[in-house]
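Asks: sequence-free structure coming up:
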DNA sequence: GGCTGAATTTACAACGTTATACAGCCCGTC
DNA sequence: GACGGGCTGTATAACGTTGTAAATTCAGCC
């Protein structure tokens, strides 16, 4: 059985509290006593039981991070950033994935999946505002990503509309006139809507028509979805000279189809993705992509959830993490600097 | 403040234990009592404090999974498999990443990173047998991956030598005669050694020379490492007709370089990877790859760590998960079935 | 040598839960 | 109508830790 404070106390011939004092570096302990107790601790191999400590203190030292899917490298990279940011505050991260399904997201937001946690960072996809309304308020929660909820939770996102506009502006600046958007979800995904809006606004500003026939829906946001949507556009007889994809996976899937049909990127069709995942930097054609500052997002998320720990009812805050456009071969052509 | 059993008991006018009995579906509770208590529970919004429950029961319901890096999609996909397998047993997963660094791995194996856990699944890269020798034995641990430790821990791996041989056999069967291996770590990585061994054995069996000049070292196992190694081989004036890479990321990095230099895959050089990550199925040229059964690995890992919970000192077991070769365009050429 | 006050150590009660053991109660039986 | 036994419900004591407050020790000083 495991060694407890009591065992150490008996072994050292002192009270339990004294051992606790040594373990916690309580100042009023004589050097002699400290050494004597420490010897017993070492000898017995005592290790504090964190569950008990947490029960006593009311904190667990764990925050949960719930992401739609780990298979998407964007989320994997984000998870790594959150884990590192949490470690810097002596917190560990319990990871969950929701598949982006509303039910799972509700379960997570209510704390039914991971319940021994001090805080929750949730990246919702389908979750609705009403799903959060009667959330029991004991565990602070921070929302991540593009959805905009009118609720008193901290929220960390990048400016999707601005980012999308920058991407489309880049394409227009390169002389492209027919820019498709791939990755809408039949208007039912808010982040996709924001990016479509950016696309629309930037085209309008350039005096170009925003042709709804060039907005392609997808079921998901993986490689296969991008490939299927790109194929549909081409089979409908459309031939845009540029594609702005919801994310990098969709973009890479689309490029795969273009390649298979003998269309050159970027000569025939330029492609811009979103997320700047590592994968995009190592395809046959490197991918131009909107690059959110993942470290900043992870850091902000951890810091804001930890700041709420005391249950302080501060005003909810909205953080905007930075983004930039990483320009690569899929828009600039072979030999482009690998930004 | 949070509602506790005591509050519910006071509200319902019964003892604490009775409320506990209702919560835990203890059979000897009358329907009337059950309903009365349940009403109080609902009214007050009671939710059990798992920390306390865990303290009492000695279990936390959490297992830790420590992987080298999440950025590698193989590990992200594996993590997803473990999370799902754990959820099937009502366990949640605390995720950590070690960067594949020995010190981090030691810390994790000793439980210094995540300490509120019932069990640990560790995928080591640099960890040495001696690092585990004086591990304090309270938390059961299962090792994942290719390293072979002579220690009493369950271990789950695929047969690396056999898998590597299958990959090389496939290349030889396609008529390739000069097969490079990319991704050794100067002989210091055991899993790489196993794959090199498979490469060597299969070449020997085919009566082909195993040319050490065609074994390329890398510092890591990411895209960039594969790209650098491939470039080095070509710059040394070598022109193999096939490449077997340590993993898919290395393979994709290598293909990127081949493409940039105008070499065609597979016509000029066929490429085989390892891990079968999704990314490999959506490049301009889809990647032939050794495909380990990740679901099986995740399932076996969770099941064996949970089986050890009682501290039963059963004989350590070694599980071999299945693998197969997913044959795609990087060896078969355009139009290959997308296995 | 006893007094004072600071420095050190300790006893005890929590934190919220469940296991154990026991106390009623109701029912049928002899 | 007392007795045994199966149902229900309860008091109490843990689980291992730390905060509080009280007890002890000790040095310095009159």
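Replies: Received, thanks. Only a predicted model underlies this, so the values are computations on that prediction, with no experimental measurement involved.
Asks: show me the contacts for the residue nearest to residue A:280 when sequence neighbours are not counted.
Replies: Closest residue to residue A:280 apart from its sequence neighbours, by Cβ to Cβ, 6 or more residues apart in numbering or on different chains: residue A:287 at 3.5 Å. C-beta coordinates here come from the backbone N, C-alpha and C atoms, glycine included. Residues in contact with residue A:287 (Cβ atoms under 8 Å, 6 or more residues apart in numbering or on different chains) are A:248, A:251, A:252, A:255, A:271, A:272, A:273, A:280, A:281, A:328, A:329, A:330.
Asks: would you list every one of the strands in the stretch 201-339 of chain A?
Replies: A:215-217, A:242-245, A:270-274, A:288-292, A:318-320, A:323-326 (DSSP state E, counting those that start in this stretch).
Asks: hmm, back to that, the contacts of residue A:287: which ones sit near DNA strand C?
Replies: Restricting the contacts of residue A:287 to those within reach of DNA strand C (Cβ under 7 Å from any atom of the strand) leaves nothing.
Asks: beta partners of residue A:326?
Replies: residue A:289 (DSSP bridges).
Asks: so it makes contact with residue A:291?
Replies: Yes - between residue A:326 and residue A:291 there is a contact under Cβ atoms under 8 Å: 4.5 Å.
Asks: Neighbour count for these two, which is higher?
Replies: residue A:291 (22 against 19; other Cβ atoms under 10 Å in any protein chain shown).
Asks: Residue numbers of the stretch 101-250 of chain A in contact with DNA strand C?
Replies: Near DNA strand C, when you scan the stretch 101-250 of chain A using Cβ under 7 Å from any atom of the strand, you find nothing.
Asks: low pLDDT regions in the stretch 101-250 of chain A?
Replies: For the stretch 101-250 of chain A, residues meeting the criterion pLDDT under 70 lie at A:136-137.
Asks: what does chain A have sitting close to DNA strand D?
Replies: A:1-2, A:4-6, A:16-17, A:20, A:23-24, A:46, A:48-49, A:52-53, A:55-57.
Asks: What about the residues you listed, which are in helices?
Replies: Those of the residues of chain A next to DNA strand D mapping onto helices are A:5, A:6, A:16, A:17, A:20, A:23, A:52, A:53, A:55, A:56, A:57, per DSSP state H.
Asks: Select only the buried ones of these in PyMOL?
Replies: In PyMOL, this line selects whichever of those come out buried by 16 or more other Cβ atoms under 10 Å in any protein chain shown:
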select buried, chain A and resi 5+20+23+53+55
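Asks: give me the subset of the ones in helices among the residues of chain A next to DNA strand D touching DNA strand C.
Replies: Within those, those near DNA strand C by Cβ under 7 Å from any atom of the strand are A:16, A:17, A:52, A:55, A:56.
Asks: ok, of the contacts of residue A:287, which one's closest to residue A:210?
Replies: The shortest approach to residue A:210 among those belongs to residue A:272, at 16.2 Å (Cβ to Cβ).
Asks: now residue A:157: how far from residue A:241?
Replies: 30 Å (Cβ to Cβ, to the nearest Å).
Asks: So which of those two has more stuff around it?
Replies: Remark: of residue A:157 and residue A:241, residue A:157 carries more neighbours, 20 against 17, as counted by other Cβ under 10 Å.
Asks: The more buried one against residue A:149, yeah?
Replies: No - contact between residue A:157 and residue A:149 fails when scored by Cβ under 8 Å: they sit 10.7 Å apart.
Asks: give me the number of residues near the nearest residue to residue A:230 once chain neighbours are set aside?
Replies: Closest residue in space to residue A:230, ignoring its immediate chain neighbours: residue A:254 at 3.8 Å, by Cβ to Cβ, 6+ apart. By other Cβ under 10 Å, 31 other residues sit near residue A:254.
Asks: Residue A:254: what's it in contact with?
Replies: Neighbours of residue A:254 in contact, by Cβ under 8 Å, 6+ apart: A:182, A:226, A:227, A:229, A:230, A:243, A:245, A:271.
Asks: can you redo those residues as TSV with neighbour count and distance to residue B:213?
Replies: Output for the contacts of residue A:254, formatted as TSV (neighbours: other Cβ atoms under 10 Å in any protein chain shown; distance: Cβ to Cβ, whole Å):
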residue	neighbour count	distance to residue B:213
A:182	30	45
A:226	32	40
A:227	24	39
A:229	27	45
A:230	30	42
A:243	32	43
A:245	32	42
A:271	31	38
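Asks: So out of everything in the stretch 51-200 of chain A, what residue is nearest DNA strand D?
Replies: In the stretch 51-200 of chain A, the residue that lies nearest DNA strand D is residue A:52 (3.4 Å; Cβ to the nearest atom of the strand).
Asks: Next one: that residue from residue A:4, what distance?
Replies: In terms of Cβ to Cβ, residue A:52 sits 8 Å off from residue A:4.
Asks: ok, residue A:40 touching residue A:12?
Replies: Yes - in this structure, residue A:40 is within contact of residue A:12 by Cβ under 8 Å, at 3.9 Å.
Asks: picking up where we left off before, what about the residue nearest to residue A:230, distance to residue A:68?
Replies: Residue A:254 is 20 Å from residue A:68, by Cβ to Cβ.
Asks: And residue A:164, by the same measure?
Replies: 20 Å.
Asks: same deal with residue A:60?
Replies: From residue A:60 to residue A:68 the distance is 24 Å (Cβ to Cβ).
Asks: With residue A:267 instead?
Replies: 34 Å.
Asks: Next, give phi and psi for residue A:96.
Replies: The phi/psi pair for residue A:96 (degrees, to the nearest 10) reads phi -140, psi 160.
Asks: any idea what sits nearest it, other than its immediate chain neighbours?
Replies: Nearest non-adjacent residue to residue A:96 (Cβ to Cβ, 6+ apart): residue A:66, at 4.4 Å.
Asks: residue contacts, the one you found?
Replies: So residue A:66 contacts A:95, A:96, A:97, A:98, A:105, A:108, A:113, A:114, A:120, A:121, A:122, A:123 (Cβ under 8 Å, 6+ apart).
Asks: That one bridge partners, please.
Replies: Those that pair with residue A:66 in a beta bridge, by DSSP bridges, are residue A:96, residue A:122.
Asks: Report the buried members of the contacts of residue A:66.
Replies: When the contacts of residue A:66 are checked against 16+ other Cβ under 10 Å, the ones flagged as buried are A:95, A:96, A:97, A:98, A:105, A:108, A:113, A:114, A:120, A:121, A:122, A:123.
Asks: so who does the first one touch?
Replies: It stands for residue A:95. A:64, A:65, A:66, A:67, A:70, A:79, B:79, B:83, B:93, B:94, B:95.
Asks: From residue A:246, how far off is the closest residue to residue A:224 other than its chain neighbours?
Replies: Once flanking residues are discounted, residue A:224 sits nearest to residue A:253: 6.1 Å by Cβ to Cβ, 6+ apart. Note on residue A:253: its distance to residue A:246, by Cβ to Cβ, is 11 Å.
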